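1. Any chance you could fold what I've pasted below:
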Amino acid sequence: LTWSRGQNEYGSGLLGPLPRSWMKDQWDLQRIILPRLRSLGITGQLPGFQGNVPIQLKALFNDTNITAAGDTGWMDSLDPLFGKIADMWMETLIRDFGTDHWYQLDGYFDGGVAPWMNNQARVGRSKPKQSVRRLDKVQRDEMAYERATSAYQGLNRTDPDAVWSYQGWQIIGWESEAEAATFKGFAESTPLGNFVVIDMSTHGEGQWTQFNSSAFFGANFVWTSLHNFGGTDGLKGNLGMINRIPFDAPASANIIGVGATPEGIDQNPIYYEYIFEQAFRNEPLADIPSMVVDRGQRRYGFTSENRDVADAWRLLAESAYSVDLGVQDGSGLTHLPGQSGPEGGSAWFEEDRYTPKPVLCKIYRAWGNLIHAAESSMSPAFQTEPYIYDLVNTGREILANIATPASLNFSDAYSRQTLSKDELARTGSFYVDILNDADTLVGTDRAFLLGPWIEMARRLDSGENDCTSPILMDNPSGDCRRFLEWNARTQVTTWMPVAKFDTSIPGGPIDYASKHWQGLIKEYYAKRAQVTLKQALQDEKAGLPLNTTMIARLRAELAYNFTTATNEYPTAPTGFPVEMSRVIYDKYSSWFAPCSAGQARLKSISR
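-> Sure, this is the predicted structure:
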């Protein structure tokens with residue numbers, strides 16, 4: 001549940017409604033987590049009341065200060081009822097969980113229009129009309145100030161030491177004078193130091209640069225990098241960019257911390273280690289590749305340098321970890337077709353969709369170094385999970401990148417007005433083959449298995465039978481184990497739930513939280529490609545273009561069957577990671593022949 005535990009998604013139909021048993025379990029869990037955090041000196045943040053209410057309150061109280069978007073009601077903070085609810089909320093919150101005096105209060109972002117953003121005065125996520133030129137000329141918007149003050153008082157009346165933690169994502173992209181005035185109204189609504197912005201710049205470039213480098217008009221802030229949406233897979237993250245955190249902030253800025261704000265942290269561990277270590281550095285690192293190489297040696301337990309490992313990590317430092325792509329996975333491994341822009345793996349191929357660019361060549365060579373390191377040594381370091389994870393993860397990245405042009409070629413084939421049987425069979429079969437190879441490779445490491453994800457969801461079952469959904473029609477008894485597995489499967493595929501008789505997958509961020517996991521790749525993404533190929537071949541035989549209506553229906557049927565299934569998947573890795581990596585590395589070596597040619601040219605020039 002993102003965004004203050006999903007307050008802004010009340011009644012949206014996202015795999016709900018949430019069962020009471022699940023809510024009670026979460027209540028119990030928080031009463032374990034928060035004391036543990038405090039025992040470690042970690043501050044826990046609690047969700048404050050930000051006006052999200054059941055829309056039924058609008059009719060019950062005849063309240064015109066509640067706006068509606070579906071079943072979500074948003075109450076204006078100047079409404080007298082807001083304060084009454086906020087006081088009861090805070091009293092209950094602190095009684096149940098105690099407090100560290102930090103509260104998330106995000107200000108109504110995403111999902112609709114906030115109460116004060118009427119058609120005449122709405123700001124945010126609109127094209128700026130006039131950018132801020134002089135900070136001293138920005139005057140706060142008084143209505144924004146009054147509403148923010150009232151919202152803060154909803155915290156402060158109960159907890160005089162309340163700190164308002166505000167996600168900067170609310171103002172991402174704001175630059176105009178009107179938007180600056182609105183934000184300044186928020187920033188000045190509390191005593192100095194009690195309004196803290198979580199700077200959520202996409203790649204760590206710093207939101208504090210907004211409004212002509214306003215540094216949030218003097219408000220305290222924590223400089224973070226968002227880096228990832230949906231916990232998707234992909235080697236990425238510009239270490240050089242986050243190396244500037246927090247040192248590039250102006251001396252006048254009230255920066256109080258650094259961090260990361262991804263939607264999933266189970267990927268690119270080096271990136272998150274690096275950004276959190278910035279809090280303990282006095283200046284930017286002068287030699288990032290050397291640090292990366294040294295980390296690789298320590299990560300696998302070497303006390304003296306292993307040359308292959310050193311070369312591998314230096315190559316990764318110069319490639320995957322020297323650039324920023326998108327915050328999501330756009331590869332052909334999980335998308336059909338994959339994205340051909342900066343978020344797709346084809347960003348690392350030339351326009352011919354076959355010749356790899358130098359960055360991808362380096363990643364491929366790094367994979368080869370990691371393979372050779374284990375093949376040429378009996379060191380127990382190569383039996384450790386950190387090494388196996390990095391080996392498989394690097395190979396996964398290579399296949400994901402090849403899958404992107406392969407998916408685009410297949411998409412071109414089935415999108416033609418006149419279909420070609422040979423082209424369909426060639427491009428479709430090759431694409432499916434890549435997906436199956438990827439499934440086999442990632443299955444050799446426990447970090448890339450679908451099975452544990454499903455098992456964890458099942459274990460959340462408390463034995464109650466209050467987990468019903470109008471979409472999950474074959475669960476009339478309200479079996480929570482069934483309901484939770486359905487949620488887990490849907491989250492990593494369609495995101496929005498697919499009903500039994502849907503003729504297409506509902507709109508929304510399809511494949512938003514996709515994963516490169518064994519079982520998921522073969523049983524969902526590869527099968528999606530296979531049903532597409534089968535339909536295209538049938539249409540070609542009939543002399544017709546692709547029946548896109550039937551494709552939408554077939555994909556919806558596949559999605560429904562997958563998300564509502566209850567079959568088992570391996571919870572332990574299968575196969576041998578080094579041996580399988582070698583097989584697949586060699587199988588796709590022809591794709592990287594241009595890398596060797598380019599390397600030879602470079603050596604020739606250097607001589």
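2. Distance check, the residue nearest the centre of the chain against N254.
-> Centroid-nearest residue in the chain: F229, 1.9 Å away (criterion: Cα atoms, centre = their mean). Distance, F229 to N254, by Cβ to Cβ, to the nearest Å: 28 Å. Using the backbone N, CA and C atoms, a C-beta is placed for each residue, glycine as well.
3. what stretches of the stretch 1-150 of the chain score poorly on pLDDT?
-> Along the stretch 1-150 of the chain, the parts satisfying pLDDT under 70 run over 1-14, 69-70, 107-129.
4. Could I get the full set of strands for it?
-> Taking DSSP state E, counting those that start in this stretch, the strands of the stretch 1-150 of the chain run over residues 45-47, 52-54, 66-69, 72-75, 102-104.
5. Next, the contact list for Q45, please.
-> Contact analysis of Q45 by Cβ atoms under 8 Å, 6 or more residues apart in numbering lists 100, 102-104, 165.
6. TSV for the strands of the stretch 1-150 of the chain, including distance to G332?
-> Listed next are the strands of the stretch 1-150 of the chain as TSV, based on distance: least, Cβ to Cβ, whole Å:
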stretch	distance to G332
strand 45-47	38
strand 52-54	38
strand 66-69	35
strand 72-75	36
strand 102-104	37
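7. neighbours of D586, just the number please.
-> 11 (other Cβ atoms under 10 Å).
8. Quick check: pLDDT value at it.
-> D586 is assigned 98 on the pLDDT scale.
9. where's it, which helix or strand?
-> Per DSSP states H and E: D586 is located in helix 577-587.
10. repeat for A413
-> Using DSSP H and E, A413 maps to helix 385-415.
11. same for the next helix or strand along the chain from that helix, what does it pack against?
-> Counting by DSSP H and E, the element after helix 385-415 in chain order, helix or strand, is helix 421-442. Judged by 3 or more Cβ pairs under 8 Å, 6 or more residues apart in numbering; DSSP states H and E, the packing partners of helix 421-442 are helix 385-415, helix 526-541, helix 577-587.
12. Out of those, which gets nearest to T571?
-> Within those, the stretch nearest T571 is helix 385-415; the backing value is 15.1 Å (Cβ to Cβ).
13. List the buried residues in the closest one.
-> Neighbour-count burial for helix 385-415, counted by 16 or more other Cβ atoms under 10 Å, picks out 387-411, 413-414.
14. What of stretch 529-547?
-> Per 16+ other Cβ under 10 Å, stretch 529-547 contains these buried residues: 529-530, 532-533, 535-537, 539-540, 546.
15. Among those, which one sits closest to K587?
-> Nearest member of the buried residues of stretch 529-547 to K587, counting by Cβ to Cβ, is A529, at 18.6 Å.
16. Name the nearest residue to that closest one, sequence neighbours excluded.
-> V432 (5.0 Å; Cβ to Cβ, 6 or more residues apart in numbering).
17. Would you mind confirming that the one you found is in contact with A526?
-> Yes. Using Cβ atoms under 8 Å, V432 makes contact with A526 at a distance of 5.5 Å.
18. Give me the nearest residue to T418, chain neighbours excluded.
-> P545 (7.5 Å).
19. and the one you found, what pLDDT?
-> So P545 comes in at 98 (pLDDT).
20. correct me, but it touches Q417?
-> Yes. In terms of Cβ under 8 Å, P545 counts as a neighbour of Q417; the distance is 5.3 Å.
21. returning to that earlier point: return the most buried member of the strands of the stretch 1-150 of the chain.
-> Among the strands of the stretch 1-150 of the chain, strand 72-75 has the highest mean neighbour count (mean count of other Cβ atoms under 10 Å), at a mean of 24.
22. surely G193 meets N220?
-> Yes. Taking contacts as Cβ under 8 Å, G193 lies within contact range of N220: 5.6 Å.
23. Any chance of the buried residues of stretch 529-547 in TSV with distance to H335 as columns?
-> TSV is the format used below for these (distance: Cβ to Cβ, whole Å):
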residue	distance to H335
A529	11
Q530	16
T532	13
L533	16
Q535	18
A536	18
L537	22
D539	22
E540	23
L546	18
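24. returning to that earlier point: so which of the strands of the stretch 1-150 of the chain gets nearest T563?
-> It's strand 72-75; of the strands of the stretch 1-150 of the chain, that one is closest to T563 (Cβ to Cβ) at 24.5 Å.
25. pretty sure A279 is touching V258, no?
-> Yes. Taking Cβ under 8 Å as the definition, A279 is a contact partner of V258 at 5.1 Å.
26. Between those two, which has more neighbouring residues?
-> Per other Cβ under 10 Å, whichever of A279 and V258 has more neighbours is V258, with 21 against 11.
27. what about that one, is that helix, strand or coil?
-> strand (DSSP: H, G, I helix; E, B strand; the rest coil).
28. Tell me the confidence at D479?
-> With respect to pLDDT, D479 has a value of 95.
29. Need the phi and psi values for it.
-> Main-chain dihedrals, D479, degrees, to the nearest 10: phi -60, psi 120.
30. Count the neighbours of the closest residue to it other than its chain neighbours for me.
-> Excluding the flanking residues, the one nearest D479 by Cβ to Cβ, 6+ apart is N465, at 6.1 Å. A total of 16 residues lie near N465 under the criterion other Cβ under 10 Å.
31. G478 is in contact with N465, correct?
-> Yes. Taking Cβ under 8 Å as the definition, N465 is a contact partner of G478 at 4.2 Å.
32. Report the contact partners of the nearest residue in space to C480 that is not next to it in sequence.
-> Once flanking residues are discounted, C480 sits nearest to C467: 3.9 Å by Cβ to Cβ, 6+ apart. Counting by Cβ under 8 Å, 6+ apart, C467 touches 19, 21-22, 475, 478-480, 482-484.
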